[in-house]
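1. Got a predicted model here, sequence first, then my questions.
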There are 2 protein chains.
Amino acid sequence: MKSRDISLAACSYSHVLEIISNKWTALVIYSLENGTIRYGEIQRRIEGISQKMLTQTLRQLERDGLVSRKVTPSVPPIVEYALTPLGDSLIPCMKMLKDWAADHYSEVGKAREAYDTSGAEPVVR
Amino acid sequence: MKSRDISLAACSYSHVLEIISNKWTALVIYSLENGTIRYGEIQRRIEGISQKMLTQTLRQLERDGLVSRKVTPSVPPIVEYALTPLGDSLIPCMKMLKDWAADHYSEVGKAREAYDTSGAEPVVR
DNA sequence: CTCCTTACGCACCTTCGGGTGCGTTACCGA
DNA sequence: TCGGTAACGCACCCGAAGGTGCGTAAGGAG
């Protein structure tokens, strides 16, 4: 009987998720893991991301102080992105999530299959 | 030059986020942390969650094998929820996220403020 | 002279997660 | 007799996240 009320706004979980739960955010961070990289290169690395989505995601990360952006005004322009120390500090967390998935995601798959084949009430989807 | 392409579908990050990135999921797991608990009690604990959302969230977690559901058919019915071992294994990950937020979220707030007040290009929102 | 390139901005459209509100079963206390 | 209670299901609505496609600058390659 420790915890009483949990509020959405006050919960730290929600704050992190707000930052990294967007569709492409995690992949972008992942692609920056090994150091500075150009815009176009990121796009080539991440399969299926559109230019708009990549730009949007990077802007958001920049605003949140997780990545830095360096523009070299030439033509064509060169824009390089890198993780800030703050961004770096997130890496271990994401690694942990990744490892969890690597270890347990197959169980989730099985659970889903079992749930779906047994005539249990279907989840909305 | 290790990693080449990153695909959304193949990336483990995405799998975890698929599971825990819903609005209420983290809070529900959080409320189950200390053991078995009834539906109504969960709702009372989590500020602002609607019945539909709670049911939906629990169904999803059950389908994913993270929580178990035990129904005692009385009137009114008693439905109890608890974390499965699989669900339990997620707790450390979520704690880590929570700790990261506790340690660094203020920096994110500052970064945002700085970004917004300096006349940088506004993120869409 | 024309096309290709980089790193975007902008307008539009679709999808889906989330929210609101109402109905339901069957018992129990006032 | 009537309302309250627990744990939902169902129908409908809304807004935001995400996707598609087009325009753009200025220089270098052909």
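-> That came through fine.
2. Distance from the chain centre to the helix ranked longest in chain A, please.
-> Secondary structure of chain A per DSSP state H: the longest helix is helix A:85-117. Mean C-alpha position of helix A:85-117 versus that of the full chain (CA atoms, centre = their mean, to the nearest Å) differs by 12 Å.
3. Looking at that helix now, give me its mean pLDDT.
-> Helix A:85-117 carries an average pLDDT of 93.
4. In terms of secondary structure, what does that helix contact?
-> Applying 3 or more CB pairs under 8 Å, 6 or more residues apart in numbering or on different chains; DSSP states H and E, one finds that helix A:85-117 contacts helix A:12-20, helix A:25-32, helix B:12-20, helix B:51-63, helix B:85-117. C-beta: built from backbone N, CA, C; applies to glycine.
5. redo that, cut-off 7 Å
-> helix A:25-32, helix B:12-20, helix B:51-63, helix B:85-117 (3 or more CB pairs under 7 Å, 6 or more residues apart in numbering or on different chains; DSSP states H and E).
6. count of neighbours near the nearest residue to residue A:112 once chain neighbours are set aside?
-> Distances taken as CB to CB, 6 or more residues apart in numbering or on different chains put residue B:63 closest to residue A:112, at 5.6 Å, once the chain neighbours are dropped. Close neighbours of residue B:63, defined as other CB atoms under 10 Å in any protein chain shown, add up to 21.
7. Just name the shakiest helix or strand of chain A by mean pLDDT.
-> Counting by mean pLDDT, DSSP states H and E, the weakest-scoring helix or strand in chain A turns out to be strand A:6-7, with a mean of 78.
8. Hmm, residue A:19 is touching residue A:63, no?
-> No: Residue A:19 lies out of contact with residue A:63 (CB atoms under 7 Å); the separation is 10.2 Å.
9. shared neighbours, those two?
-> Shared contacts of residue A:19 and residue A:63 (CB atoms under 7 Å, 6 or more residues apart in numbering or on different chains): none.
10. Alongside DNA strand C, which residues does chain A contribute?
-> Taking CB under 7 Å from any atom of the strand as the test, the list of chain A residues beside DNA strand C reads A:38-41, A:51-52, A:55, A:58-59, A:69, A:75-79, A:124-125.
11. Which among the residues you listed count as buried?
-> For the residues of chain A next to DNA strand C, a burial check counting by 16 or more other CB atoms under 10 Å in any protein chain shown picks out A:39, A:55, A:58, A:59.
12. quick one, what contacts the first one?
-> With contacts defined as CB under 7 Å, 6+ apart, residue A:39 is in contact with A:79, A:81.
13. Now name the helix or strand holding residue A:76.
-> Counting by DSSP states H and E, there is no helix or strand that carries residue A:76.
14. how far away is it from residue A:90?
-> 31 Å (CB to CB, to the nearest Å).
15. One more: residue A:24?
-> In this view, residue A:24 and residue A:90 are 15 Å apart by CB to CB.
16. what do you get for residue A:29?
-> Distance, residue A:29 to residue A:90, by CB to CB: 7 Å.
17. Let me know the secondary structure of residue A:23.
-> Put simply, residue A:23 is coil when judged by DSSP: H, G, I helix; E, B strand; the rest coil.
18. For residue A:113, give me its contacts.
-> Residue A:113 makes no contacts at all, as judged by CB under 7 Å, 6+ apart.
19. dump the residue contacts of the residue nearest the centre of chain A.
-> Centroid-nearest residue in chain A: residue A:26, 1.9 Å away (criterion: CA atoms, centre = their mean). The contact partners of residue A:26, taken as CB under 7 Å, 6+ apart, are A:20, A:94, B:13, B:14, B:17.
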